[in-house]
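# Structure for this input, please:
(one chain, ligands or ions: 1)
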Amino acid sequence: MTIIIGINDSHDAAACIVKDGALVCAVSEERIQRVKSIGGFPANAIDACLDIAGLGRGDVDHVAFGSNKMSPFNLHNAFATLTVEDHIRIEEEYWQPVIYDGADVKLRDVLPDYKPAGILSYPLDDIPFAHMRELDDSISDRIHAMRREFAASFFGIEPANVHFIDHHTAHAYYAFVANPLRGREKDFLIVTGDAGATMRGLPPFPGAYLGNKADAASIAALAEHPLIRADYDMIADGTPDDVAHYLAAGEICAVFCDAMEFGPRALGHRSLLADASRPDSKERINNAIKKRDFWMPFAPAVLAERFDDYAINPKKGTATYMTMTFETTELARKHLAAALHPVDLSGRVQSVEKERSPILHAILKAFEARTGIGGVLNTSLNIHGKPIVMEPVQIATEILSADGIELNVLFIEGTLFVKKGTQP
Ligand SMILES: [Fe+2]
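Below you'll find the model as predicted:
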């Protein structure tokens with residue numbers, strides 16, 4: 001048995017495990033640390049992956065990093081830490097003088113009080129908070145050696161078994177493997193995320209449900225949370241049809257089941273669902289739960305067997321991961337209006353297959369039986385600015401505990417939580 005750990009230690013840090021050539025699990029560090037897009041060595045994500053795979057650090061044979069050079073900017077977690085104002089300042093006070101005036105500015109001078117968010121594992125004391133252009137080769141070499149030695153000692157393996165892959169080769173390979181039109185369409189632009197840089201060199205992607213499952217203790221922690229105990233009725237044997245009932249009645253429903261998704265999209269295992277035929281669903285999710293800007297569009301999840309009723313798909317691309325955008329049909333504009341782009345009415349449709357997503361598929365089937373509509377609005381289970389929830393209790397600690405939240409129905413691994421006073 002050969003165990004390889006794939007690591008992205010840039011921004012959007014993540015880890016995956018490849019066992020005898022097959023991808024078995026993948027987790028992003030942000031989900032555990034609860035800091036969106038956190039970078040650096042993903043020690044927690046690695047341990048979570050080992051836990052899922054039933055392995056220990058000592059079982060690991062090789063480590064593969066999805067980048068060769070690494071900017072201290074990313075090692076110091078600037079991507080997850082800096083505000084919009086910080087970025088504007090960097091443009092005006094760093095890049096503008098550097099590019100246009102040939103000035104020798106240091107990032108540290110622009111942000112003298114910089115402190116990274118989150119817990120970073122690498123020893124960064126002698127690595128300056130700087131952009132690559134400020135470094136001489138000795139610092140770049142030191143960073144490289146530090147990453148190799150840190151990984152080798154973390155797993156107790158020889159430094160020679162730590163490998164570095166050119167970052168953009170990793171992106172290119174990931175794009176090739178994940179291309180929904182591979183072999184059928186040339187000149188096609190694929191955009192890949194950095195967490196996927198963990199996965200270079202893998203056979204066909206086994207699906208996005210690569211993360212943890214909630215254990216009984218974590219589900220109990222939600223059930224026993226004061227906000228739930230005070231305000232929600234618990235129904236132990238809830239069904240997908242119960243969820244469909246509440247969706248059809250206009251409720252926004254939180255759905256939490258099975259293995260967490262890898263990557264930025266919630267695909268029905270850590271999702272908020274709503275009836276997309278109701279024009280107000282979008283505003284209600286934005287205002288009552290997500291607290292995000294009005295212009296950010298949502299996406300529809302539709303039954304695979306109804307996909308062609310809603311999406312115009314002449315190239316027959318696959319739409320399993322909510323990564324492809326489609327023109328939509330007249331019917332979609334009636335059934336799924338709140339989940340389409342408000343300006344051009346396109347949709348980033350997720351096609352939901354029974355084998356891949358049995359719970360979400362069952363909810364959609366039950367919703368179709370009640371309404372005739374073959375899809376719902378599907379958005380990630382989080383509030384704006386936080387990562388998607390990893391454990392059920394975070395629905396209470398992060399979402400329900402925020403101000404002004406109106407989320408009345410939770411369907412958590414078969415248990416239904418309904419806020420008291422909700423229309424039955
Ligand atoms: Fe990248």
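# Show residues contacting the longest helix along the chain.
Assignment by DSSP state H gives helix 137-155 as the longest helix of the chain. By C-beta atoms under 8 Å, 6 or more residues apart in numbering, the residues outside helix 137-155 that reach it are 5, 7, 9, 41, 43, 46, 57-58, 60, 63, 65, 68-70, 72, 75, 121-123, 126-128, 132, 157-159, 161-162, 164. C-beta: built from backbone N, CA, C; applies to glycine.
# Number of residues surrounding Ser71?
Ser71 has 21 neighbours, counted by other C-beta atoms under 10 Å.
# any idea how far it is from Pro97?
19 Å (C-beta to C-beta, to the nearest Å).
# Contacts only, for Glu413.
Residues near Glu413 by C-beta under 8 Å, 6+ apart: Ala214, Ile219, Phe256, Cys257, Asp258, Pro392.
# Looking at the contacts of helix 137-155, which are in helices?
Ala43, Ile46, Pro72, Leu75.
# By neighbours, which of those residues wins?
Neighbour counts for the ones in helices among the contacts of helix 137-155, by other C-beta under 10 Å, peak at Ile46, which reaches 27 neighbours.
# Residues in a beta bridge with the nearest residue to that one once chain neighbours are set aside, which ones?
In this structure, Ile46 finds its nearest non-sequential neighbour in Ala15, 4.4 Å apart by C-beta to C-beta, 6 or more residues apart in numbering. Beta bridges link Ala15 to Ile7, Val27 when assigned by DSSP bridges.
# And Ala15, how close does it get to Asn382?
Taking C-beta to C-beta as the measure, Ala15 falls 21 Å from Asn382.
# Over to Phe41?
According to C-beta to C-beta, Phe41 and Asn382 sit 24 Å apart.
# picking that back up, mark which of the contacts of helix 137-155 are buried, thanks.
Listed as buried from the contacts of helix 137-155 are 5, 7, 9, 41, 43, 46, 60, 63, 65, 70, 72, 75, 121-122, 127, 157, 161-162, 164; burial here means 16 or more other C-beta atoms under 10 Å.
# What score does Ala195 have for pLDDT?
Listed pLDDT for Ala195 reads 61.
# Looking at the residue nearest in space to the middle of the chain now. What's its pLDDT?
The centre of the chain sits closest to Pro264, judged by C-alpha atoms, centre = their mean, with a distance of 2.7 Å. pLDDT recorded at Pro264 is 85.
# next one: stretch 353-363 to chain centre, how far?
Put simply, stretch 353-363 sits 20 Å off its chain's centre (C-alpha atoms, centre = their mean, to the nearest Å).
# check which helix or strand covers Tyr246.
Tyr246 belongs to helix 240-248 when assigned by DSSP states H and E.
# just Gln423 next, same as before
For Gln423, there is no host helix or strand (DSSP H and E).
# Beyond the helix or strand of the chain with the lowest mean pLDDT, next helix or strand please.
Sorting the helices and strands of the chain by mean pLDDT, DSSP states H and E puts helix 167-178 at the bottom, at a mean of 80. Sequence order places helix 216-223 as the next helix or strand after helix 167-178, per DSSP H and E.
# how about the helix or strand just after that following helix: buried residues?
Next in sequence after helix 216-223, counting helices and strands by DSSP H and E, comes helix 226-231. For helix 226-231, a neighbour-count test (16+ other C-beta under 10 Å) marks Ile228 as buried.
# try stretch 348-368
Buried residues in stretch 348-368, counting neighbours by 16+ other C-beta under 10 Å, are found at 348-353, 356-357, 359-368.
# what distance separates the start and the end of stretch 372-387?
Start-to-end span of stretch 372-387 (C-alpha to C-alpha, to the nearest Å) is 33 Å.
# partners of the host helix or strand of Asn378 in the sheet?
Per DSSP H and E, Asn378 falls inside strand 375-380. Strand pairing for strand 375-380, using DSSP bridges, gives strand 270-274 (antiparallel), strand 299-303 (antiparallel).
# Surely Val352 and Arg306 touch.
No: here Val352 lies out of contact with Arg306, judged by C-beta atoms under 8 Å, at a distance of 9.3 Å.
# Distance check, the residue nearest to Ser380 when sequence neighbours are not counted against Thr397.
Once flanking residues are discounted, Ser380 sits nearest to Ala266: 3.7 Å by C-beta to C-beta, 6+ apart. For Ala266, the distance to Thr397 equals 18 Å [C-beta to C-beta].
# With Ala175 instead?
For Ala175, the distance to Thr397 equals 36 Å [C-beta to C-beta].
# Ok, Arg31 next?
From Arg31 to Thr397 the distance is 14 Å (C-beta to C-beta).
# Looking at these two, which is more packed in?
Neighbour tally, Arg31 and Thr397, criterion other C-beta under 10 Å: the higher count belongs to Arg31, 27 against 16.
# quick one: pLDDT of the more buried one?
97.
# still on that earlier bit, just the ones in helices from the buried residues of stretch 348-368, please.
Assignment to helices by DSSP H places the following of the buried residues of stretch 348-368 there: Ile359, Leu360, His361, Ala362, Ile363, Leu364, Lys365, Ala366, Phe367, Glu368.
# With pLDDT and distance to Lys106 added, can I get the residues you listed in TSV?
Listed next are those as TSV, based on pLDDT from 0 to 100; distance: C-beta to C-beta, whole Å:
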residue	pLDDT	distance to Lys106
Ile359	97	52
Leu360	97	50
His361	98	54
Ala362	98	57
Ile363	98	54
Leu364	98	54
Lys365	98	59
Ala366	98	59
Phe367	98	56
Glu368	98	59
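# Serialize these to TSV and add fields for distance to Ala244.
Shown next, in TSV, are these (distance: C-beta to C-beta, whole Å):
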residue	distance to Ala244
Ile359	12
Leu360	11
His361	12
Ala362	9
Ile363	6
Leu364	8
Lys365	8
Ala366	4
Phe367	4
Glu368	8
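# Show me the helices in the stretch 301-424 of the chain, by range?
For the stretch 301-424 of the chain, the helices defined by DSSP state H, counting those that start in this stretch occupy 307-310, 330-335, 358-371, 393-394.
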